[in-house]
Structure formats: structure tokens, C-alpha cells
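*Asks:* Could you look at this predicted model? Sequence included:
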Amino acid sequence: MATLLKQLNDEIHSEVESVWNSLAQVRSVNGRGAGAGTVWHKDGLVLTNAHVVQNGSMEVVLRDGRKFPASVISQDTTLDVAALSIDAHNLPTIPLGESKNLRAGQLVLATGHPWGVVGAVAAGVVIATGEFWPDKPQLRREMIAVGLNLRPGNSGGPLTDAEGRLVGINTLMTGPEVGMSVPVHVVKRFLKDNLGSQIAA
């Protein structure tokens, strides 16, 4: 049993290391807000939440410490997704997973910067997927509910499966030990509709 646990721990750590490479900090230049970002495309396309970019000019800080001014090239406040562009190339990205195939009980990891702790990781399981808040049409949208803590600074960071593949973009906390994430297939649709099919792939 100890050998199996060590093997599992080593495999998860290896996947987290890969995720860290494509994790960014997204910060307001005026210091009025901060969140996480996920490098989607090697040539400087970074995803985050729309609510993260509402406080004026933004900058993106990569894992290697490089800082870049960021331009918001598209956002959807209903989905709470925003696409940023930075002048950087050959960036590491996260392989994409299949959010439509997620099932309750699957292990997922949320990576971000909660309370300013850079690159923190929280583990939990999928609670459910689908449309939530049926009694509130203005909020109803397709989401992933996960059993883990999301805190300020997790917003915009990646939700990954046990194989280190991106399955969602973390967006909010709805209660103790319950977080919500935008499914990656919804993010792909957002990118295709706004930036073209080549970017969404």
C-alpha cells in the first residue's frame, strides 16, 4: 500500500509541475485586484475570469518572473471568462482534457494564488456538472461543481484532472468546500465565437 501511495504522490506531483509552467498571475497595475491565469496558446494568449480584469490596466506575470502588459481582447461577463494577449512566444501550455466526460467523484486539482500564495494547489473531487441555479436565469449556465476550497487568487486558474489536463477555469466559491469552474468545452466555444476556430483548438 505504501508503494502505491508513493507512486500516486509522485505522479500527481509530476502533473502539478507541468501545470505550474503554464500558470500565470494576472494583476491590476493599480494594485486593486489580482487573480490567476492559464496560458492557452504558446504565442501569448492567457485565459482568466472576466471579473479579474475589471479593475483597469492589467499585467501578466509568468512563472519565470517575466512581466508583460496585458490587453483584454475578448471577455464574457456571463460566462466569467476573459482572453488576454501578451507579447510573449513559445510559452508552455496545458494539454486540454474532456470536460464533457467528467463524472462525480473524479479527482481534480485547482491551481492558483489564493491569498497571494503563488502556485498553491488544492485537491478535491467533482461534485456534479451541468447547468446550475435554475431559479436564477441571470446566473444559470453550464459549470463544474467541485468539492474543494477556492479562495481569492484562485480565480482564472486551471482546474485539471488527475492526468494534468485542463478541464476548467476556476471562477467562484459558492460555499464551504464547494467551488465552481467553467468547463473547458465552454471556454473553447467562447474562443471560437470570438477569436476563431484555430485559437479554440
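*Replies:* Yep, that arrived.

*Asks:* Name the residues of the lengthiest helix in the chain that are buried.
*Replies:* For the chain, the longest helix by residue count, based on DSSP state H, is helix 2-21. Within helix 2-21, the residues that count as buried by 16 or more other Cβ atoms under 10 Å are 12, 15, 16, 18, 19. Bear in mind the C-beta positions are built from the backbone N, C-alpha and C, glycine included.

*Asks:* now swap in stretch 35-49 and tell me
*Replies:* Applying 16+ other Cβ under 10 Å to stretch 35-49 flags 35-41, 44-49 as buried.

*Asks:* Alpha carbons of the helix or strand of the chain with the lowest mean pLDDT, as PDB, please.
*Replies:* Every helix and strand of the chain was ranked by mean pLDDT, DSSP states H and E. The lowest is helix 197-200, at a mean of 74. Output in PDB follows, covering the C-alpha atoms of helix 197-200 (Å, rounded to 0.1, in the frame of the first residue of the first chain):
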ATOM      1  CA  SER A 197     -11.600  28.100 -34.600                       C
ATOM      2  CA  GLN A 198      -7.800  28.000 -34.800                       C
ATOM      3  CA  ILE A 199      -7.400  29.600 -31.400                       C
ATOM      4  CA  ALA A 200     -10.100  27.500 -29.800                       C
END
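
*Asks:* Go ahead and name everything in contact with that helix.
*Replies:* With contact meaning Cβ atoms under 8 Å, 6 or more residues apart in numbering, helix 197-200 is reached by 40, 41, 45, 188, 189, 191, 192.

*Asks:* circling back: so which one of the buried residues of helix 2-21 is the model least confident about?
*Replies:* Lowest pLDDT among these: residue 12, with 71.

*Asks:* my guess is it meets residue 161, correct?
*Replies:* No - counting by Cβ atoms under 8 Å, residue 12 sits too far from residue 161 to count as a contact (10.9 Å).
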